[in-house]
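Colleague: what's the 3D shape of this:
(one chain, ligands or ions: 1)
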Amino acid sequence: MLYHIRFYKVPTISIDSKKDLVLKSVITITNDLGDKFFFGNVNLKVDIGVGLNPILLSWTSGMQSCNLNIPIPKRTKSISVNVIAEISSLDDVLEENPQFLRLKTLPFKLPSGTCERVSIRYDLLHPPATQSNNGSESIDRSTDKLARPQLTIAEEAGSNNLARHVWDAGLATCQWLVDNRTVSQRKLLGSPRTIVELGTGCGLVGLALSKLFIDSKVILTDLEDANEICNRNIQLNIAQTNKRKRDVHNVAFQVFDWDSDETPVEKDKIDLVVVTDCTYNPSSYDSLLKALSIVTRTGTKILLAHKYRDPDEEEFFKRLTFKKLLDTTVDYYSQSVRLLVMEA
Ligand SMILES: C[S@@+](CC[C@H](N)C(=O)[O-])C[C@H]1O[C@@H](n2cnc3c(N)ncnc32)[C@H](O)[C@@H]1O
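Modeller: Numbering: from 1, shown residues only. Here you go, the predicted model:
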């Protein structure tokens, strides 16, 4: 099972009685949905990037959160928080092969700065290393950097809000997109003029597509609730791209509620529709199926991915009437994600 190391409380900088700066926060280790905490013992290694030895915290079975209290050396100008998990003994592991996504923030300035609630970094197309059971890092793709444009996705700390977190099916889809960016992907997905993502959340899959299909226009859609985080992620990634002097400002956010009857873009222009991790709630199936019919016409491709969470989800897939071009399982950090490419 994949666990996300996340902030439970947004980090703050305070001044202690000796007038020294202290970083305070609360960390948690959960699944993507946030309803299951890691049930085992693990050491958390916290590094704030100022050249000191990392601080070690112990996470023990049954915990739901863990306090962080780190003194910051004088004259430090900026810090970034980087937390990885290390399992010291297999006796500590109460389930098979747990994997941990590290937590890494963008740097933030001192003394007055706070780590904004949306500044956590997942380098998706250059995935963060996970740790295997013995604590060693198992993936190093640094040599692959050129082939994997970097993508930074911010998510909200401590929120249970569905739209403002990164989800496993989205992560796996990004991985699949990068791993299959050769001829087969182009053949399956074509050269879409316009790509629309439904229920984009933080925008991760749409942003990945905007980097892989730089000649396409990508419209990220969701409820108003996702507007702020999604636009922040667009800004984060456009800024990165512009630094490299490549203007690929081909992505925008638009509110689109599946219950609405109006398409976010003229459907004649939409060549690819993407939906990841949006089928966990059977009560929204009617709306989602209606939204899919609104944004597709004959020939539109649909990329749909979901993590197996509940057998009831099969109901949704039975109701899909599209022609299937690919129905495959993607393994990402020991997660099984089903990925379908279809044509309307
Ligand atoms: C579990 S999240 C998945 C987010 C993203 N696709 C990912 O894989 O990381 C489901 C998303 O569907 C969106 N959603 C739920 N109901 C919706 C509706 N009626 N109209 C538009 N979006 C909706 C939520 O706001 C949320 O962002």
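Colleague: which bits of the chain sit near the ligand?
Modeller: Neighbours of the ligand within the chain, by CB under 6 Å from any ligand atom: 162-163, 166-167, 169-170, 199-201, 204, 222-223, 225-226, 257-259, 276-278, 284, 287. No exception for glycine: its C-beta is placed from N, CA and C like everyone else's.
Colleague: Tell me which entries of those residues lie within strands.
Modeller: Of the residues of the chain next to the ligand, the ones assigned to strands by DSSP state E are 222, 276.
Colleague: Kindly write the ChimeraX command that selects the buried subset of the residues of the chain next to the ligand.
Modeller: Entered in ChimeraX, the line below selects the buried ones among these, by 16 or more other CB atoms under 10 Å:
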select :162,163,166,167,169,170,199,200,201,204,222,226,258,276,277,278,284
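Colleague: For the helix or strand hosting residue 230, buried residues please.
Modeller: Assigned by DSSP states H and E, residue 230 belongs to helix 227-243. Buried residues in helix 227-243, counting neighbours by 16+ other CB under 10 Å, are found at 229, 230, 232, 233, 234, 236, 237, 238, 241.
Colleague: what are the ranges of the helices in this structure?
Modeller: 168-179, 183-189, 204-212, 227-243, 285-295, 314-318 (DSSP state H).
Colleague: Run the angle between the longest one and helix 204-212 for me.
Modeller: Orientation of helix 227-243 against helix 204-212 (axes from the mean of the first three to the mean of the last three CA atoms, to 10 degrees) gives an angle of 20 degrees.
Colleague: Show the average pLDDT along helix 227-243.
Modeller: Averaging pLDDT along helix 227-243 yields 81.
Colleague: who's in contact with that helix?
Modeller: 118, 150-156, 163-164, 200-204, 207, 210-211, 220, 222, 247-249, 251-253, 255 (CB atoms under 8 Å, 6 or more residues apart in numbering).
Colleague: elements contacting the longest strand seen in the chain?
Modeller: Criterion DSSP E: the longest strand present in the chain is strand 2-15. If you count contacts as 3 or more CB pairs under 8 Å, 6 or more residues apart in numbering; DSSP states H and E, strand 2-15 packs onto strand 21-30, strand 82-86, strand 99-101, strand 103-104.
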